[in-house]
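K.L.:
Sequence first, then the predicted structure, then my questions.
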Amino acid sequence: MFVIPSIGRAFLGGTAMVLIVAAGFARAEEVTVNGAAEFRAAVATAKPGTRLLLRKGDYGAGFHFVNLRGEENNPIIVAAADPQQPPVFRDGDTGLHLSNPAHVELHNLKFTKLAHNGLNIDDGGTTTNATARGIVLRGLQVNDVGSDGNHDGIKLSGLWDFRVDGCTIERWGTKGGSAIDMVGCHRGTIEGCTIRHKDPEPPNCTGVQAKGGSSDLVIRRNRFEHAGGRSVNIGGSTGLKFFRPALGDGTDHAEARNLRVEGNTFIGSVAPVAFVGVDGAVVRFNTIELPGRWALRILQENRSPGFIACRNGEFTDNTIVFNSASWGEGGANIGTGTAPATFKFARNWWYCRDNPERSRPRLPTPEVEGTYGRPVAEAQGKAGADALPK
């Protein structure tokens, strides 16, 4: 027999909760939240399927929630009630910290004027069980976080199966900070984001960084504007105790594996892309405009025993426009302790704007079918961000 759903309304500490009851079961559907106290109360009772709608206003900072866990296909969602007037987390050390969450989504929230990190999501320090998973960050605004320290806009540690979609991150810590910092994160996608720092960019910070054993990540169709010394840092240097999963015995360790950086637009940055202690990464179909010194770097910063030399990178189908006065070492910086002979270059379009005859780069291995000195407008549909296959 078909049962018409009934709709009831309950109240939680002054917070309205809409309940949908159908076919013999009940689940929390929507909770409207006004202010910090109601937010804490609503999170404390949230269950799979709960949708918390935060009204506009100043929510303060310092929220830390442990084991907030939805279910696959039935997540807990924390969202702005009105995306045009988002709730604001501000004026503290960290806006929001989630430890060991699962199937939680954050939509259209704003984080600003925070001393350390805008948003911190981690696995609670459990480096092997992969229980922090199914996280979606969508439409977040994060700006003016940290100062001259290692302070991140969004800090992710030990996450699996996650997405960061359509977020805007601006101005984060200038000495070691990242717009999005990933340590030991796996099977994630960062797509459609805008990542922007000051112009000229501070040289000692990064836009997106993936290290600490991170793997199977895609960084796709984002816009990077002066996003630090390295807009995308594929790998890095991580303290051994912070790797996720934890390092075992052996001699095949890497800061990161199997990453794809594709369809992005890079404006400025000392080096838009750096391969750093990575084992396998593809950088393809990106548009690189006016880098400060190099198009790419190949580096080895973690020199601990058992780590492979940076290897097996691919740099293909990109467009690179540069000025000769800000072009060092032929556009590619190769550090010691790396394996540059394992890198592949193909079908890139290189154009020196002020002297096209100087467009050919110096690469560690011969490039296949590269194009040099021809305006990148001719590359339309062949290389660059717009040519990324659907």
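P.N.:
Everything's here; your move. Numbering: from 1, shown residues only.
K.L.:
Now for L296: which residues touch it?
P.N.:
A271, P272, V273, A274, F275, V283, F315, G331, A332, N333 (C-beta atoms under 8 Å, 6 or more residues apart in numbering). Quick note: C-beta positions are derived from backbone N, CA and C, even for glycine.
K.L.:
Near the first one, how many other residues are there?
P.N.:
Counted with other C-beta atoms under 10 Å, the burial measure for A271 works out to 26 neighbours.
K.L.:
one step back: between the contacts of L296, which is nearest N120?
P.N.:
For the contacts of L296, the minimum distance to N120 (C-beta to C-beta) is 24.0 Å, reached by A274.
K.L.:
Let me know the helix or strand that the residue lying closest to S215 once chain neighbours are set aside is in.
P.N.:
Spatial nearest neighbour of S215, chain neighbours left out: R257 (4.4 Å); criterion: C-beta to C-beta, 6 or more residues apart in numbering. Secondary structure from DSSP states H and E places R257 in strand 256-262.
K.L.:
Convert the C-alpha atoms of stretch 302-310 to PDB, please.
P.N.:
The C-alpha coordinates for stretch 302-310 follow below in PDB (Å, rounded to 0.1, in the frame of the first residue of the first chain):
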ATOM      1  CA  ASN A 302      62.900  13.900   1.900                       C
ATOM      2  CA  ARG A 303      66.400  12.300   2.100                       C
ATOM      3  CA  SER A 304      65.400   9.700   4.700                       C
ATOM      4  CA  PRO A 305      66.600   6.100   4.100                       C
ATOM      5  CA  GLY A 306      64.200   3.900   2.000                       C
ATOM      6  CA  PHE A 307      62.800   6.800  -0.100                       C
ATOM      7  CA  ILE A 308      62.900   6.600  -3.900                       C
ATOM      8  CA  ALA A 309      64.400   9.400  -5.900                       C
ATOM      9  CA  CYS A 310      61.700  11.600  -7.500                       C
END
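K.L.:
what does that stretch contact?
P.N.:
Residues contacting stretch 302-310 (C-beta under 8 Å, 6+ apart): 235-238, 240, 247, 250-255, 275-279, 298-300, 335, 337-339.
K.L.:
Go through it and flag the buried ones.
P.N.:
Using 16 or more other C-beta atoms under 10 Å as the burial criterion, the residues of stretch 302-310 that qualify are N302, F307, I308, A309, C310.
K.L.:
ditto for stretch 250-258
P.N.:
Buried residues in stretch 250-258, counting neighbours by 16+ other C-beta under 10 Å, are found at H253, A254, E255, A256, R257, N258.
K.L.:
before we move on, back to that, which one of the buried residues of stretch 302-310 is nearest to H226?
P.N.:
Of all the buried residues of stretch 302-310, H226 sits closest to C310, with 25.2 Å by C-beta to C-beta.
K.L.:
Give me the pLDDT value at that closest one.
P.N.:
Model confidence at C310, given as pLDDT, is 98.
K.L.:
Would you agree I121 is in contact with S157?
P.N.:
Yes - assessed by C-beta atoms under 8 Å, I121 is found in contact with S157 at 7.4 Å.
K.L.:
any idea where the strands of the stretch 1-150 of the chain begin and end?
P.N.:
Counting by DSSP state E, counting those that start in this stretch, one finds strands in the stretch 1-150 of the chain at the ranges 6-12, 15-22, 25-33, 51-54, 57-60, 63-66, 76-80, 87-99, 104-107, 110-122, 136-138, 141-145.
K.L.:
Tabulate those (TSV), appending distance to F345 and mean pLDDT.
P.N.:
Output for the strands of the stretch 1-150 of the chain, formatted as TSV (distance: least, C-beta to C-beta, whole Å; pLDDT from 0 to 100):
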stretch	distance to F345	mean pLDDT
strand 6-12	59	40
strand 15-22	56	43
strand 25-33	52	73
strand 51-54	48	98
strand 57-60	48	98
strand 63-66	46	98
strand 76-80	43	98
strand 87-99	40	97
strand 104-107	39	98
strand 110-122	36	98
strand 136-138	33	98
strand 141-145	34	98
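K.L.:
of those strands, which approaches P203 most closely?
P.N.:
Checking the strands of the stretch 1-150 of the chain against P203 by C-beta to C-beta gives strand 141-145 as the closest, at 18.3 Å.
K.L.:
chain center to the closest one: distance?
P.N.:
Counting by C-alpha atoms, centre = their mean, to the nearest Å, strand 141-145 is centred 14 Å from the centre of its parent chain.
K.L.:
Equivalent analysis for stretch 328-343, please.
P.N.:
25 Å.
K.L.:
Repeat that for stretch 315-325.
P.N.:
Worked out by C-alpha atoms, centre = their mean, stretch 315-325 lies 23 Å from the chain centre.
K.L.:
Only the buried residues of that stretch, if you could.
P.N.:
For stretch 315-325, burial by neighbour count (16+ other C-beta under 10 Å) applies to F315, T316, D317, N318, T319, I320, V321, F322.
K.L.:
what sits opposite the first one in the beta ladder?
P.N.:
Just to be clear, that refers to F315. Judged by DSSP bridges, the bridge partners of F315 are V283, F345.
K.L.:
so what pLDDT did it get?
P.N.:
You'll see F315 listed with a pLDDT of 99.
K.L.:
In contact with it, which residues are there?
P.N.:
V273, V283, R284, L296, F343, K344, F345, A346, N348.
K.L.:
Now which of those residues would you call buried?
P.N.:
Taking 16+ other C-beta under 10 Å as the criterion, what is buried in the contacts of F315 is V273, V283, R284, L296, F343, F345, N348.
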